[in-house]
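In: Kindly return the folded structure for what I paste below:
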Amino acid sequence: MDINFNKNEDHNKLELAALKRKLLKVYKGGGEARIEKHKAKGKLTARERIDYLLDKNSNSIEIGAFAGEEMYKEHGGCPSGGVVVKMGYINKKQCIVVANDATVKAGAWFPITGKKNLRAQEISIENKIPIIYLVDSAGVYLPMQDEIFPDKEHFGRIFRNNAIMSSMGITQISAVMGSCVAGGAYLPIMSDEAMIVDKTSSIFLAGSYLVKAAIGESIDNETLGGATTHCEISGVTDYKASDDEDALNKIRNIVDKIGDFDKAGFNRSESIKPKENEDDIFGILPRTRTDQYEIRDIIKRVVDNSEFEEYKKDYGKTIVCAYARIDGWAVGIVANQRKVVKNAKKEMQFGGVIYSDSADKATRFIANCNQKKIPLVFLQDVTGFMVGSKSEHGGIIKDGAKMVNAVSNSVVPKFTIIIGNSYGAGNYAMCGKAYDPKLIVAWPSARLAVMGGAQAAKVLLQIEKASLKKQGENISKEKEQEILATIQAKYDAQTSPYYAAARLWTDGVINPLDTRKWISMGIEAANHAPIEKPFNLGVIQV
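Out: Got it, this is the predicted structure:
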């Protein structure tokens with residue numbers, strides 16, 4: 001190993017250590033004091049509930065762990081968006097589990113909470129897999145009600161989705177394991193089956209204080225909407241559970257009886273670990289945004305037996321397209337090559353940039369994968385499309401549009417891993433969030449922005465200088481450097497993978513060594529949903 005490999009490895013493993021520290025903090029929810037208070041009521045935490053529900057020693061992935069990260073500081077923060085979402089297995093059946101974290105503002109719904117719940121439902125709908133709701137929430141966070149209540153993608157969309165999912169035959173099971181008030185009360189009751197934990201849980205449209213204020217009736221919450229009321233009098237809930245564990249056992253028993261599903265039929269064979277050492281990823285991946293590396297070396301450490309069949313290897317060299325297997329699943333890989341290469345005319349092409357020939361190759365490959373019913377995996381490290389007169393005269397916009405068209409109309413499942421740069425239209429063409437990947441995650445080395453930090457900072461500096469000049473202010477070199485440093489720091493913070501994950505632009509920041517698990521579980525989920533329409537590119541400029 002050379003010294004550069006060792007330096008890269010040190011840098012990337014420090015980034016991984018930082019990821020693990022951030023996750024440990026997130027896992028504490030509202031903090032130790034609130035966790036102790038929660039447990040004193042005889043209740044499990046949100047993560048403990050999910051861990052109990054899922055099969056022991058089975059794979060699971062957490063969606064949106066960093067939702068809300070560094071957001072809502074004026075309101076005390078909202079770790080993980082106040083709700084935990086995991087995809088895993090219950091009695092060997094793949095499911096999505098959504099659990100309110102009552103240690104975070106009593107499980108109240110912030111804007112990001114609503115967005116995260118909708119993302120969980122989206123995954124369930126797209127893949128037609130069961131969804132389990134573990135409800136323990138005080139309802140909408142009132143100081144921000146205008147950002148969570150009335151719009152199309154706000155709180156009410158959850159219940160609309162409940163109804164749509166039921167009509168689609170998607171299993172929904174709810175357990176009320178604490179508070180369930182106001183509009184939130186509809187979620188468990190719009191599920192196929194609902195249960196409630198005795199003595200610690202309640203369901204009502206208005207609590208006892210509001211009832212007293214509204215109609216003058218004096219009543220306690222237990223009598224108003226406790227387990228006995230809803231299991232014996234109203235018939236609102238279907239099962240009464242004695243405690244958290246009993247409720248979770250009932251869910252496991254119900255899921256165990258669900259019948260088999262129609263399969264999409266994606267090709268899978270026996271899984272084989274990569275032949276090359278997966279841990280080498282940390283030494284191969286550069287520690288800077290501009291250093292070159294060979295993307296094939298990364299691919300070899302992600303795919304089964306480190307084997308892949310490359311499509312048009314000597315054409316369009318800034319994108320690598322290849323057939324391979326990941327955990328046994330057949331996949332088509334579209335990956336950016338961040339290495340300076342030469343085209344057939346011996347012209348230099350910049351790594352990480354999409355040229356016309358690369359876009360043309362990727363478009364044809366995506367069409368082939370759709371024809372063969374092969375899921376697509378995008379490995380993003382892209383700075384955008386090539387600019388300049390030669391590219392414009394050669395029709396780069398047209399060729400880029402073809403690639404975007406193919407990605408947009410693709411009917412096979414798509415999975416996006418952002419391993420480095422993800423800038424501008426390159427993000428779009430390589431299946432960014434706007435292009436409906438089934439799952440999209442970032443490595444700690446990722447950066448997402450409309451353009452690179454250095455370039456953006458210089459553009460923003462010119463705008464700032466022009467503004468100050470208009471105000472009659474003379475700018476010294478020192479002042480210019482100070483402004484540039486401020487702009488650069490702000491822009492860099494906004495391009496961080498954690499900034500993106502906080503806003504659910506991605507489903508999370510992951511350990512690169514978990515990439516195979518995320519893709520495999522994603523394809524397995526997608527295999528529950530047969531493809532219902534043919535691949536059609538529509539009208540494109542030839």
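In: Domain boundaries for the protein, per the record?
Out: Split into domains by the TED database, the chain comes to 31-256, 279-446+506-527, 451-495.
In: What segments of the stretch 201-350 of the chain are strands?
Out: Using DSSP state E, counting those that start in this stretch, the strands assigned to the stretch 201-350 of the chain run over residues 239-241, 308-311, 319-326, 329-336, 341-342, 348-349.
In: Rebuild the domains of the chain as CSV, extending it with mean neighbour count and mean pLDDT.
Out: (Each C-beta comes from the backbone N, C-alpha and C, glycine too.) Formatted as CSV, the domains of the chain follow (neighbours: other C-beta atoms under 10 Å; pLDDT from 0 to 100):
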stretch, mean neighbour count, mean pLDDT
domain 31-256, 19, 94
domain 279-446+506-527, 20, 95
domain 451-495, 13, 77
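In: Export those to JSON lines and append columns for distance to residue 267.
Out: Converted to JSON lines, the domains of the chain look like this (distance: least, C-beta to C-beta, whole Å):
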{"stretch": "domain 31-256", "distance to residue 267": "18"}
{"stretch": "domain 279-446+506-527", "distance to residue 267": "4"}
{"stretch": "domain 451-495", "distance to residue 267": "37"}
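In: nearest to residue 3, of those domains?
Out: domain 279-446+506-527 (10.6 Å; C-beta to C-beta).
In: give the contact list for the residue nearest the centre of the chain.
Out: Nearest to the geometric centre of the chain sits residue 507, at 1.2 Å (C-alpha atoms, centre = their mean). By C-beta atoms under 8 Å, 6 or more residues apart in numbering, the residues touching residue 507 are 63-64, 119, 439-441, 501.
In: pretty sure residue 465 contacts residue 479?
Out: No. Using C-beta atoms under 8 Å, residue 465 is not in contact with residue 479, being 9.4 Å away.
In: So which of the contacts of residue 507 sit within strands?
Out: Counting by DSSP state E, the contacts of residue 507 place 63, 439-441 in strands.
In: Against which helices or strands is the helix ranked longest in the chain packed?
Out: In the chain, taking DSSP state H as the definition, the longest helix is helix 3-27. In terms of contacts (3 or more C-beta pairs under 8 Å, 6 or more residues apart in numbering; DSSP states H and E), helix 3-27 is packed against helix 281-284.
In: Quick one: mean pLDDT over the longest helix of the chain.
Out: Helix 3-27 shows an average pLDDT of 96 in the prediction.
In: Helix or strand next in line after it, which one?
Out: helix 32-39 (DSSP states H and E).
In: Other residues contacting the helix or strand just after that following helix?
Out: Counting by DSSP H and E, the next helix or strand C-terminal to helix 32-39 is helix 46-53. The contact list for helix 46-53 (C-beta under 8 Å, 6+ apart) reads 27, 29, 44, 83-84, 86, 88, 90, 97, 99-103, 132, 134, 136, 177, 244-245, 248, 251-252.
In: List the ones among those that fall in helices.
Out: Per DSSP H, the subset of the contacts of helix 46-53 in helices is 27, 244-245, 248, 251-252.
In: May I see the residues you listed arranged in CSV, with distance to residue 127 as well?
Out: Formatted as CSV, the ones in helices among the contacts of helix 46-53 follow (distance: C-beta to C-beta, whole Å):
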residue, distance to residue 127
27, 26
244, 27
245, 28
248, 23
251, 19
252, 20
